[in-house]
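In: Task: produce atomic coordinates for the following.
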Amino acid sequence: MNSIFKYEYQQDVFYNHWDVKKFEQEHQVFVPFVTDYKLYEHALADKNIDLKHNYDLDYLQFLRSTESYIKLYYSGGTDSHHILTTAVENKIFLDEIVVVTRNLYNKEMLQPCDIELSQQAIPFLRTLNPSQIGKVTFRNYDAEYMRTLYQSPDWMFNVPGGDISFRIGQWEYFFDDVDNSNCCQIAGYENPSLVLYKNRWFATTIDTQLTPGVFMHNVCLFCMMPENIKSYLVKAINFKNKILSSGQILNKNFQSFPSLMYYNRDLHLGKYQGTRLLNGKDRLALQEVIEEEDFDLLSSWYTSLEYLVSVFPDIRNGNSYHRTPTGKFVWFIDLETLEIFSQQELIPNGFDL
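Out: Model (predicted):
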């Protein structure tokens, strides 16, 4: 494992949040989610952020000059599309584009829950030629793979991160891919959340925004990496300015602004909920499984959920399950001073409200 992000308690290191929850439960301790803060302090040593500078372009050029093989996981979403278009427009060659599909039953059409692939990603890739990008790899995540994974009731303890949604992330699917051992794997995690705390603005990210992709081999979380942290902070400052101009600040002592607000202008402040097990794509995938009458697959998945509840009864909430049991902050970066704080440094006992 070579991730710069990890859960760490004394000499124990974890890469699965269910393992962390179990360890904390057994030992009555808190296991923080950490990184090498000195790398970020070094990158921000000049205390300067230029809001008009294209740090993403700088970083792509840096990667191209230092990496022999670059692989981009492309979903057609905001983050990965921005990375791809920045590379193409500036003639930065990417060796491979990987598109992960969820064609569960090998039908001609992609699932409805892959609408961003069928309507955005694939049509855009068809406009490019081999001089702009290298090969395009489609990797399908089908019902047989899911069936094999869910046969072990404790499977969620054995994948990086420990996602328990029906459509687990693409990252588990590729985690043991031997082809990943000697390449730079770009993933588009780059959206900061904000906290206004005691009249100070902080950019922050929690573990469940990053896992399980944070634990891929040779993963590059683009704006989350030390070499490109200024791009992350440009987003954070622009996000802060958007909030300030909206007049939606309610409490200067404490107010939280999730990253989703940065892109979704129609989302009302304070209405974001990210703790439910099933999102819209999960429901669409489950609907297809039911239509196929694949009750063996459904049974295996629900059996694994019940196993998890037997270990952690508190994750059940009525007829729903909580999929984000940890919620640990990897850092708080002061948007004025650019100082970086761990959770234990800034809020060792939680937010003082």
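In: Can you name every helix or strand that the helix or strand encompassing residue 57 contacts?
Out: Assigned by DSSP states H and E, residue 57 belongs to helix 55-66. The helices and strands touching helix 55-66, judged by 3 or more CB pairs under 8 Å, 6 or more residues apart in numbering; DSSP states H and E, are helix 78-89, helix 229-246. (Each C-beta comes from the backbone N, C-alpha and C, glycine too.)
In: Name the residues that touch that helix?
Out: Outside helix 55-66, the residues that touch it by CB atoms under 8 Å, 6 or more residues apart in numbering are 70, 82-83, 86-87, 90, 92-93, 184, 186, 220, 222-223, 225, 227-228, 230-231, 234.
In: can you do 7 Å?
Out: Helix 55-66 has contacts (CB atoms under 7 Å, 6 or more residues apart in numbering) with 70, 86, 87, 90, 92, 93, 184, 227, 228, 230, 231, 234.
In: Check the residues you listed for burial and list the buried ones.
Out: 70, 87, 92, 184, 227, 228, 230, 231, 234 (16 or more other CB atoms under 10 Å).
In: Spatially central residue (nearest the centroid) of this protein, please.
Out: residue 210 (3.4 Å; CA atoms, centre = their mean).
In: what's the closest residue in space to it that isn't next to it in sequence in contact with, if anything?
Out: Counting by CB to CB, 6 or more residues apart in numbering, residue 189 is the residue found nearest to residue 210 once chain neighbours are left out, at 5.8 Å. Residue 189 makes contacts with 209, 210, 213, 221, 222, 224, as judged by CB under 7 Å, 6+ apart.
In: what about the first one, how many neighbours?
Out: Counted with other CB atoms under 10 Å, residues neighbouring residue 209 total 21.
In: what does the helix or strand where it lies contact?
Out: Applying DSSP H and E as the criterion places residue 209 in helix 207-210. Taking contacts as CB under 7 Å, 6+ apart, the residues outside helix 207-210 that touch it are 5, 17, 33, 189, 221, 259, 324, 326, 327, 328, 330.
In: hang on, isn't the last one packed against residue 35?
Out: Yes - Residue 330 lies in contact with residue 35 (CB atoms under 7 Å); the separation is 5.9 Å.
In: in the stretch 151-300 of the chain, which segments are predicted with low confidence?
Out: For the stretch 151-300 of the chain, applying pLDDT under 70 flags the ranges 168-181, 190, 211-212, 262-279.
In: Which parts of it are strands?
Out: 184-186, 193-197, 200-206, 219-220, 254-257 (DSSP state E, counting those that start in this stretch).
In: Export those strands to CSV and append columns for distance to residue 161.
Out: Formatted as CSV, those follow (distance: least, CB to CB, whole Å):
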stretch, distance to residue 161
strand 184-186, 15
strand 193-197, 18
strand 200-206, 13
strand 219-220, 12
strand 254-257, 22
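In: so which of those strands gets nearest residue 127?
Out: For the strands of the stretch 151-300 of the chain, the distance to residue 127 is smallest for strand 184-186, at 20.2 Å, taking CB to CB.
In: Check which helices and strands the closest one is in contact with.
Out: strand 70-73, strand 219-220 (3 or more CB pairs under 7 Å, 6 or more residues apart in numbering; DSSP states H and E).
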